[in-house]
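Enquirer: attaching a predicted model along with its sequence, questions to come.
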Amino acid sequence: MVTKSVFGTLADGAQIDLYKITNKNGASVSLQTLGAGIQSLYMPDKNGTLADVVLGFDNPQDYTNPDLGYQGLVVGRWANRIRDAKFTFNGKEYKTPMNQGSWTLHGGGRFSFTPWDAEEVGDDFVIFSRFSPDGEDGFGGNFTMKVKYTLTDENVLRVEYTVLCDEDTVANPTNHAYFNLSGNADEDVQNHYLTINADYYTKTDADQLPTGELGELKGTMMDFTQSRKIGERIDEPFNDIIDGIGYDNNYCLYKKDFTMQPAAVLEHKESGRRLEVYTDLPGIQLYCGGWLDKDSDYGKASNGKVTFRRGAALETQFYPDTLHHTDKFPAKFVKANEEFKTVTEFRFFAD
Ligand code: BGC
């Protein structure tokens with residue numbers, strides 16, 4: 001069942017709507033037209049008690065502040081970093097916004113921070129769509145992205161991204177939800193257990209920009225091949241981690257053939273909630289909100305504030321800055337007038 005309501009308005013007066021999909025277990029996801037974002041996600045614990053397992057806000061305007069971390073929003077056209085805010089594709093140079101340091105973060109922002117159209121609503125799905133004209137934020141081609149969210153009766157949130165463009169171009173869509181399976185954003189996410197199906201990660205420089213090399217995870221503080229607590233080693237010094245920030249890194253998933261594979265498992269033992277992430281993309285960014293303020297007025301009245309290390313973002317993606325490393329990183333691009341698709345599933349369990 002899908003119900004629609006008004007979420008609120010942005011500072012410029014634009015109305016933001018909320019579409020809530022509820023399944024037969026009473027689990028639900030509320031999706032906002034701003035950035036086709038996940039605003040809340042209610043999943044049962046081992047006793048069947050529903051609680052909101054994503055961070056976020058009660059006011060849509062708060063979602064447009066990049067310093068609050070792209071909570072639940074769809075990110076595009078190119079997720080994560082682009083070195084020097086420019087790239088060459090098919091022999092042509094493109095310049096994207098330098099919205100952080102000397103690089104582009106999350107496509108420059110426009111994609112996430114504007115209202116999308118709710119194009120189609122079914123019994124258990126909503127399709128959002130956004131048209132990005134040729135040259136928007138420096139990217140090429142008249143580009144439409146659709147994001148279909150389906151909530152199944154098995155408590156699976158399926159996210160399907162489809163891109164259609166009138167010229168060959170680049171796309172790296174993701175969703176930037178921060179999960180806290182305790183259902184209480186005031187509880188530290190460092191208590192969660194995590195597994196990531198990766199033996200390698202993308203090595204980065206002091207600005208978190210990929211060097212092009214892959215680093216071996218085995219035995220390091222970044223190694224999540226065996227389930228363990230996020231907080232266990234998060235503050236150990238490590239080359240590719242910024243002191244005090246903790247995990248904000250891309251993991252190279254085992255499979256690089258663009259088929260749907262298990263990527264990560266996040267568990268909260270006390271509630272029994274478990275999230276299994278599946279994707280056809282080759283990478284996943286683990287980001288534990290290390291750049292968020294330790295103190296904040298922003299959050300949901302029902303579910304705590306958005307602060308430092310209170311949620312784990314598991315952003316499925318092509319590796320950051322693949323645009324400068326197409327010789328080494330697995331890549332797939334959008335072909336003119338051909339549908340480009342990628343799928344990620346967030347499968348929830350409670351036991
Ligand atoms: C990036 C972080 C960034 C965060 C919030 C993550 O994907 O890797 O560095 O602070 O998104 O925008």
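Expert: Done, it's in. Computed from a predicted structure; not experimentally measured. Numbers count the residues shown, from 1 in each chain.
Enquirer: what does the chain put close to the ligand?
Expert: Proximity of the chain to the ligand, by Cβ under 6 Å from any ligand atom, involves residues 69-70, 80, 106, 248, 285, 287, 291, 315. Heads up, the C-betas are built off the backbone N, CA and C, glycines and all.
Enquirer: just the buried ones from these, in PyMOL syntax?
Expert: Selection of buried members from these for PyMOL, criterion 16 or more other Cβ atoms under 10 Å:
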select buried, resi 69+70+80+106+248+285+287+315
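Enquirer: OK, contacts around Y200?
Expert: 214-217, 251-252 (Cβ atoms under 8 Å, 6 or more residues apart in numbering).
Enquirer: between these, which has the most around it?
Expert: Ranked by the number of neighbours (other Cβ atoms under 10 Å), these place Y251 first, at 27 neighbours.
Enquirer: same question for the helix or strand hosting that residue, mean pLDDT?
Expert: Element membership of Y251 [criterion: DSSP states H and E] is strand 248-253. Mean pLDDT, computed over strand 248-253, is 98.
Enquirer: chain center to it: distance?
Expert: Its chain's average C-alpha position is 13 Å from that of strand 248-253, according to Cα atoms, centre = their mean, to the nearest Å.
Enquirer: now, which of the residues of the chain next to the ligand lie within strands?
Expert: 248, 285, 287, 315 (DSSP state E).
Enquirer: just the pLDDT at the residue nearest to Q285 when sequence neighbours are not counted, thanks.
Expert: Counting by Cβ to Cβ, 6 or more residues apart in numbering, Q285 lies nearest to E315, which is 4.0 Å off, once chain neighbours are set aside. Looking at E315, its pLDDT reads 98.
Enquirer: same deal with the one 5 residues further on?
Expert: Looking at P320, its pLDDT reads 98.
Enquirer: contacts only, for it.
Expert: P320 neighbours (Cβ under 8 Å, 6+ apart): 79-81, 202, 209-210, 250, 283, 285.
Enquirer: and with 6 Å instead?
Expert: 80-81, 210, 250 (Cβ atoms under 6 Å, 6 or more residues apart in numbering).
Enquirer: same check on D240?
Expert: 203-204.
Enquirer: spatially nearest residue to D243, not counting backbone neighbours?
Expert: P237 (6.7 Å).
Enquirer: the helix or strand containing V277 pairs with which strands, and in what direction?
Expert: Following DSSP H and E, the helix or strand that holds V277 is strand 273-279. Here strand 273-279 is paired, per DSSP bridges, with strand 261-268 (antiparallel), strand 340-350 (antiparallel).
Enquirer: could you dump these into TSV and include mean pLDDT, distance to Q32 and mean neighbour count?
Expert: Below are the strands paired with strand 273-279 laid out as TSV (pLDDT from 0 to 100; distance: least, Cβ to Cβ, whole Å; neighbours: other Cβ atoms under 10 Å):
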stretch	mean pLDDT	distance to Q32	mean neighbour count
strand 261-268	98	23	21
strand 340-350	98	17	19
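Enquirer: no further queries at this time; thank you.
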